[in-house]
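Visitor: fold the following and give me the result.
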Amino acid sequence: MCVSRGEATRSSSGAEQVSSAPTVFVVDDEDGFRASLARLLRSAGLPVRDFASPAEFLSEYDASAPGCLVLDFAMPGLDGVELQRILTDELDCDLPVVFLTGRAEVPDSVKALKQGALEFLTKPAEPEVLLDALARNEECRRESAELAELRKRMAELTPREREVFEHVVTGQRNKQIARDLGTAEKTIRIHRGQVMKKMQADSVATLVRMAERLDI
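Guide: Numbers count the residues shown, from 1 in each chain. This next block holds a predicted model:
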């Protein structure tokens with residue numbers, strides 16, 4: 001879900017993750033519903049901030065704050081889908097959006113989903129359904145962060161280390177790699193050690209999983 005405890009963990013890809021306490025931002029003009037939803041989310045252990053209007057949310061918007069947005073679709077003045085458009089097109093914001101609406105109309109949901117909404121739910125959304133949507137968002141966020149970290153590590157490899165990386169993950173031994181690359185086996189051992197160090201891989205199996213994530 002959209003929650004963290006500020007702990008460092010190591011994923012199956014070998015990438016170390018440091019949580020950054022993502023917040024669920026709730027925007028809904030119905031005071032009672034908004035308060036009830038905020039209580040539900042907090043009871044599930046999620047950090048929450050709630051706003052009575054899109055304008056109020058925008059006035060306090062912080063591009064560096066991670067999380068996701070639970071957004072009422074129909075509100076007076078600036079509505080939910082317009083707020084989504086502003087965030088996406090004008091502010092280059094990638095906050096995932098879960099829409100809540102009192103009426104489920106196909107054209108509305110299609111438009112919201114085309115603009116990148118994670119989910120479009122009808123009020124009152126079942127708690128399990130809403131929490132499941134937020135959990136999927138957290139999983140996507142975690143996977144994106146892991147992949148970005150792996151790409152960063154990959155970019156630190158020299159061209160030769162990259163070649164050695166690609167050969168190692170196919171299961172080749174140092175002698176075979178040296179023959180293919182036309183260099184000494186001792187040199188390959190050095191490059192291989194640098195690859196493992198820079199990629200922060202503790203085994204060839206971990207390196208193979210990284211290569212799969214990187215489509216190598």
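
Visitor: which positions within stretch 162-175 qualify as buried?
Guide: Buried positions in stretch 162-175, judged by neighbour count with 16 or more other C-beta atoms under 10 Å: 163, 164, 165, 167, 168, 169, 172, 174. Every C-beta, even on glycine, is put in place using the N, C-alpha and C of the backbone.

Visitor: of the residues you listed, which belong to helices?
Guide: When the buried residues of stretch 162-175 are checked against helices (DSSP state H), the matches are 163, 164, 165, 167, 168, 174.

Visitor: nearest to residue 37, of these?
Guide: When those are ranked by distance to residue 37 (C-beta to C-beta), residue 165 comes first, at 47.2 Å.

Visitor: still on that earlier bit, could you dump the buried residues of stretch 162-175 into CSV and include distance to residue 26 and pLDDT?
Guide: Below are those laid out as CSV (distance: C-beta to C-beta, whole Å; pLDDT from 0 to 100):
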residue, distance to residue 26, pLDDT
163, 50, 96
164, 50, 96
165, 44, 97
167, 51, 96
168, 48, 95
169, 44, 94
172, 53, 94
174, 56, 95
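
Visitor: out of these, the closest to residue 211 would be?
Guide: Using C-beta to C-beta, residue 169 comes nearest to residue 211 of these, at 4.2 Å.

Visitor: what about residue 208, how many residues nearby?
Guide: By the measure other C-beta atoms under 10 Å, the count of residues near residue 208 is 16.

Visitor: show me the contacts for the residue lying farthest from the centre of the chain.
Guide: Distance to the chain centre peaks in the chain at residue 184, reaching 41.9 Å (criterion: C-alpha atoms, centre = their mean). Contact analysis of residue 184 by C-beta atoms under 8 Å, 6 or more residues apart in numbering lists residue 178.

Visitor: quick check: which element contains residue 130?
Guide: Element membership of residue 130 [criterion: DSSP states H and E] is helix 127-155.

Visitor: what segments of the chain are strands?
Guide: Ranges of strands in the chain, per DSSP state E, are 8-10, 16-18, 23-27, 48-51, 67-72, 97-101, 119-122.

Visitor: those into TSV, with extra columns for distance to residue 193, mean neighbour count and mean pLDDT?
Guide: TSV is the format used below for the strands of the chain (distance: least, C-beta to C-beta, whole Å; neighbours: other C-beta atoms under 10 Å; pLDDT from 0 to 100):
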stretch	distance to residue 193	mean neighbour count	mean pLDDT
strand 8-10	20	11	37
strand 16-18	20	13	39
strand 23-27	42	23	89
strand 48-51	47	18	92
strand 67-72	40	25	85
strand 97-101	45	24	82
strand 119-122	46	19	73
